[in-house]
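Peer 1: Structure for the following, please:
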Amino acid sequence: MSMVFLERPCPVCGLLAKGICSVCFSGFRAPTEVALLEYVDKYMPMFDYNGNFRKAILAGKQAGRVDVIKQLAKLFGHFLLANLDLKGTEVTWVPASKFAKRRRGFDQGKVIASSVVKGSDMRMARYLVRESHVSQTGKGRFHRLLGPKFRVIGEPPKTLLIVDDVVTTGASINAAANVFRKAGCTKIYAASLAYVQPR
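Peer 2: Numbers count the residues shown, from 1 in each chain. Here you go, the predicted model:
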(Lines give C-alpha, C1' and ligand atoms only; values in the text may rest on other atoms or scores of the structure.)
Protein backbone atom coordinates (compact mmCIF):
# COMPACT_ATOMS: atom_id res chain seq x y z
CA MET A 1 0.00 0.00 0.00
CA SER A 2 1.44 3.39 -0.95
CA MET A 3 1.76 6.21 1.58
CA VAL A 4 -0.82 8.99 1.23
CA PHE A 5 -0.03 12.43 2.66
CA LEU A 6 -2.80 14.99 3.09
CA GLU A 7 -1.89 18.59 2.41
CA ARG A 8 -0.77 20.44 5.53
CA PRO A 9 1.53 23.44 5.98
CA CYS A 10 5.10 22.70 4.97
CA PRO A 11 7.04 22.68 8.30
CA VAL A 12 9.73 24.89 6.77
CA CYS A 13 7.93 27.59 4.74
CA GLY A 14 4.28 27.16 5.74
CA LEU A 15 2.87 26.60 2.23
CA LEU A 16 0.28 23.86 1.83
CA ALA A 17 2.00 20.65 0.71
CA LYS A 18 2.12 16.92 1.28
CA GLY A 19 4.73 17.15 4.02
CA ILE A 20 7.85 19.13 3.17
CA CYS A 21 7.36 21.04 -0.09
CA SER A 22 9.63 20.38 -3.06
CA VAL A 23 11.21 23.85 -2.91
CA CYS A 24 12.29 23.43 0.72
CA PHE A 25 13.39 19.85 0.08
CA SER A 26 15.71 21.05 -2.68
CA GLY A 27 17.46 23.32 -0.19
CA PHE A 28 18.56 20.49 2.13
CA ARG A 29 22.27 19.70 1.85
CA ALA A 30 24.47 16.73 2.68
CA PRO A 31 27.04 17.26 5.45
CA THR A 32 30.54 18.13 4.30
CA GLU A 33 32.12 16.08 7.08
CA VAL A 34 31.06 12.98 8.97
CA ALA A 35 31.81 11.75 12.48
CA LEU A 36 33.98 8.69 12.99
CA LEU A 37 32.32 6.38 15.51
CA GLU A 38 34.54 3.94 17.40
CA TYR A 39 32.25 0.90 17.37
CA VAL A 40 30.64 1.49 13.96
CA ASP A 41 32.08 0.16 10.68
CA LYS A 42 30.42 2.84 8.58
CA TYR A 43 28.22 5.80 9.50
CA MET A 44 26.12 7.63 6.90
CA PRO A 45 24.00 10.74 7.55
CA MET A 46 21.64 11.93 4.83
CA PHE A 47 21.49 15.68 5.52
CA ASP A 48 23.26 18.43 7.44
CA TYR A 49 21.22 19.54 10.45
CA ASN A 50 21.04 23.16 9.34
CA GLY A 51 18.36 25.78 9.89
CA ASN A 52 15.68 24.57 7.47
CA PHE A 53 16.23 20.88 8.02
CA ARG A 54 16.18 21.52 11.76
CA LYS A 55 12.73 23.13 11.35
CA ALA A 56 11.47 20.03 9.56
CA ILE A 57 12.81 17.62 12.20
CA LEU A 58 11.50 19.70 15.09
CA ALA A 59 8.07 19.78 13.45
CA GLY A 60 8.14 16.00 13.29
CA LYS A 61 9.35 15.48 16.84
CA GLN A 62 7.84 18.35 18.79
CA ALA A 63 4.71 19.24 16.82
CA GLY A 64 3.64 15.64 16.23
CA ARG A 65 4.15 15.79 12.45
CA VAL A 66 4.73 12.06 12.02
CA ASP A 67 3.92 12.57 8.32
CA VAL A 68 7.14 14.60 8.02
CA ILE A 69 9.20 11.88 9.75
CA LYS A 70 7.71 9.22 7.44
CA GLN A 71 8.36 11.36 4.35
CA LEU A 72 12.01 11.81 5.32
CA ALA A 73 12.36 8.15 6.30
CA LYS A 74 11.04 6.95 2.94
CA LEU A 75 13.72 8.99 1.14
CA PHE A 76 16.22 7.77 3.74
CA GLY A 77 15.53 4.15 2.77
CA HIS A 78 16.34 4.88 -0.89
CA PHE A 79 19.45 6.80 0.18
CA LEU A 80 20.75 3.88 2.25
CA LEU A 81 20.08 1.24 -0.39
CA ALA A 82 21.94 3.36 -2.94
CA ASN A 83 24.98 3.85 -0.70
CA LEU A 84 25.34 0.68 1.36
CA ASP A 85 25.20 -3.04 0.61
CA LEU A 86 22.23 -3.83 2.84
CA LYS A 87 20.67 -6.85 1.13
CA GLY A 88 18.94 -8.91 3.80
CA THR A 89 20.29 -6.71 6.60
CA GLU A 90 18.26 -6.32 9.79
CA VAL A 91 17.45 -2.79 10.90
CA THR A 92 17.07 -1.62 14.47
CA TRP A 93 16.82 1.82 16.04
CA VAL A 94 18.08 3.90 18.94
CA PRO A 95 15.05 3.93 21.28
CA ALA A 96 13.79 7.26 22.53
CA SER A 97 13.58 7.98 26.24
CA LYS A 98 10.28 7.31 28.03
CA PHE A 99 9.87 11.06 28.51
CA ALA A 100 10.29 11.74 24.77
CA LYS A 101 7.89 8.95 23.74
CA ARG A 102 5.27 10.13 26.22
CA ARG A 103 5.56 13.74 25.05
CA ARG A 104 5.47 12.96 21.30
CA GLY A 105 3.18 9.95 21.35
CA PHE A 106 5.58 7.90 19.21
CA ASP A 107 9.21 6.77 19.01
CA GLN A 108 10.71 8.53 15.99
CA GLY A 109 13.50 5.94 15.66
CA LYS A 110 10.95 3.14 15.32
CA VAL A 111 8.96 5.15 12.75
CA ILE A 112 12.17 5.71 10.75
CA ALA A 113 13.18 2.03 10.89
CA SER A 114 9.69 0.91 9.83
CA SER A 115 9.66 3.27 6.83
CA VAL A 116 13.23 2.34 5.81
CA VAL A 117 12.46 -1.39 5.45
CA LYS A 118 9.23 -0.94 3.46
CA GLY A 119 9.59 -2.21 -0.09
CA SER A 120 12.97 -3.83 0.60
CA ASP A 121 14.22 -7.25 1.71
CA MET A 122 15.46 -5.76 4.97
CA ARG A 123 13.70 -6.62 8.22
CA MET A 124 13.06 -4.43 11.24
CA ALA A 125 13.63 -5.82 14.74
CA ARG A 126 13.85 -4.35 18.22
CA TYR A 127 17.11 -5.28 19.92
CA LEU A 128 17.71 -2.39 22.32
CA VAL A 129 16.26 -1.38 25.67
CA ARG A 130 17.15 2.01 27.07
CA GLU A 131 18.24 1.73 30.69
CA SER A 132 18.77 5.46 31.27
CA HIS A 133 15.74 7.55 30.43
CA VAL A 134 17.12 11.07 30.63
CA SER A 135 16.49 12.73 27.27
CA GLN A 136 19.56 13.93 25.33
CA THR A 137 17.56 16.83 23.86
CA GLY A 138 18.82 20.19 25.06
CA LYS A 139 21.88 18.75 26.77
CA GLY A 140 25.29 20.34 26.31
CA ARG A 141 28.05 18.61 24.37
CA PHE A 142 29.78 17.30 27.52
CA HIS A 143 26.65 15.54 28.81
CA ARG A 144 25.79 14.25 25.32
CA LEU A 145 29.24 12.67 25.01
CA LEU A 146 28.46 10.48 28.02
CA GLY A 147 25.64 8.87 26.04
CA PRO A 148 22.67 6.83 27.30
CA LYS A 149 22.92 3.26 28.61
CA PHE A 150 21.44 0.41 26.57
CA ARG A 151 20.84 -3.30 27.01
CA VAL A 152 20.54 -5.84 24.18
CA ILE A 153 17.47 -8.08 24.07
CA GLY A 154 17.05 -11.17 21.91
CA GLU A 155 19.78 -12.43 19.61
CA PRO A 156 20.94 -9.73 17.18
CA PRO A 157 22.42 -10.86 13.84
CA LYS A 158 26.10 -10.61 12.94
CA THR A 159 25.37 -7.72 10.56
CA LEU A 160 23.10 -4.89 11.69
CA LEU A 161 22.03 -1.38 10.68
CA ILE A 162 21.24 1.09 13.48
CA VAL A 163 19.15 4.14 12.54
CA ASP A 164 18.47 7.39 14.40
CA ASP A 165 16.98 10.76 13.55
CA VAL A 166 19.75 13.22 14.42
CA VAL A 167 23.35 12.55 15.46
CA THR A 168 25.07 15.33 17.40
CA THR A 169 28.11 13.80 19.10
CA GLY A 170 27.46 10.20 18.04
CA ALA A 171 27.37 9.08 21.69
CA SER A 172 23.95 7.37 21.46
CA ILE A 173 24.73 5.35 18.34
CA ASN A 174 28.23 4.57 19.62
CA ALA A 175 26.83 3.33 22.95
CA ALA A 176 24.32 1.17 21.07
CA ALA A 177 27.01 -0.21 18.75
CA ASN A 178 29.23 -0.99 21.74
CA VAL A 179 26.65 -3.23 23.41
CA PHE A 180 25.97 -4.92 20.06
CA ARG A 181 29.69 -5.66 19.67
CA LYS A 182 29.66 -7.26 23.11
CA ALA A 183 26.62 -9.30 22.03
CA GLY A 184 28.53 -10.73 19.05
CA CYS A 185 27.75 -8.41 16.12
CA THR A 186 30.71 -8.22 13.74
CA LYS A 187 29.47 -5.73 11.10
CA ILE A 188 27.63 -2.64 12.26
CA TYR A 189 26.35 0.12 10.01
CA ALA A 190 24.80 3.29 11.40
CA ALA A 191 22.82 6.00 9.65
CA SER A 192 20.79 9.07 10.55
CA LEU A 193 18.48 11.50 8.85
CA ALA A 194 20.86 14.30 9.82
CA TYR A 195 24.21 15.08 11.40
CA VAL A 196 25.05 18.16 13.43
CA GLN A 197 28.37 19.33 12.06
CA PRO A 198 30.71 21.03 14.55
CA ARG A 199 30.62 24.77 13.84
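
Peer 1: from here on, contacts and neighbour counts on C-alpha atoms
Peer 2: Noted.

Peer 1: Please enumerate the strands of this protein.
Peer 2: 8-9, 16-17, 42-48, 90-93, 123-124, 128-130, 150-152, 159-167, 187-195 (DSSP state E).

Peer 1: from memory residue 89 sits against residue 120, does it?
Peer 2: No. With contacts counted by CA atoms under 8 Å, residue 89 stays clear of residue 120, the gap being 9.9 Å.

Peer 1: who's more crowded, the two?
Peer 2: Just comparing residue 89 and residue 120: by other CA atoms under 10 Å the higher neighbour count belongs to residue 89, 19 against 14.

Peer 1: wait, what's in contact with that one?
Peer 2: 121-123, 159-161 (CA atoms under 8 Å, 6 or more residues apart in numbering).

Peer 1: before we move on, what about residue 86?
Peer 2: Counting by CA under 8 Å, 6+ apart, residue 86 has contacts 80, 122.

Peer 1: again with residue 21
Peer 2: For residue 21, the contacting residues are 10, 15, by CA under 8 Å, 6+ apart.

Peer 1: Please report how far it lies from residue 13.
Peer 2: Separation of residue 21 from residue 13 (CA to CA, to the nearest Å) stands at 8 Å.

Peer 1: again, but for residue 152
Peer 2: 41 Å.

Peer 1: Near residue 132, how many residues? Count them for me, please.
Peer 2: Residues near residue 132, counting by other CA under 10 Å: 13.

Peer 1: Pull up the per-residue confidence for the spatially most central residue of the chain.
Peer 2: Centroid-nearest residue in the chain, with CA atoms, centre = their mean: residue 164, separated by 2.2 Å. What the model reports as pLDDT for residue 164 is 96.

Peer 1: can you count the residues close to the closest residue to residue 171 other than its chain neighbours?
Peer 2: Among residues not flanking residue 171 along the chain, residue 147 sits closest, at 4.7 Å (CA to CA, 6 or more residues apart in numbering). By the criterion of other CA under 10 Å, residue 147 has 19 neighbours.

Peer 1: This completes my enquiry, with thanks.
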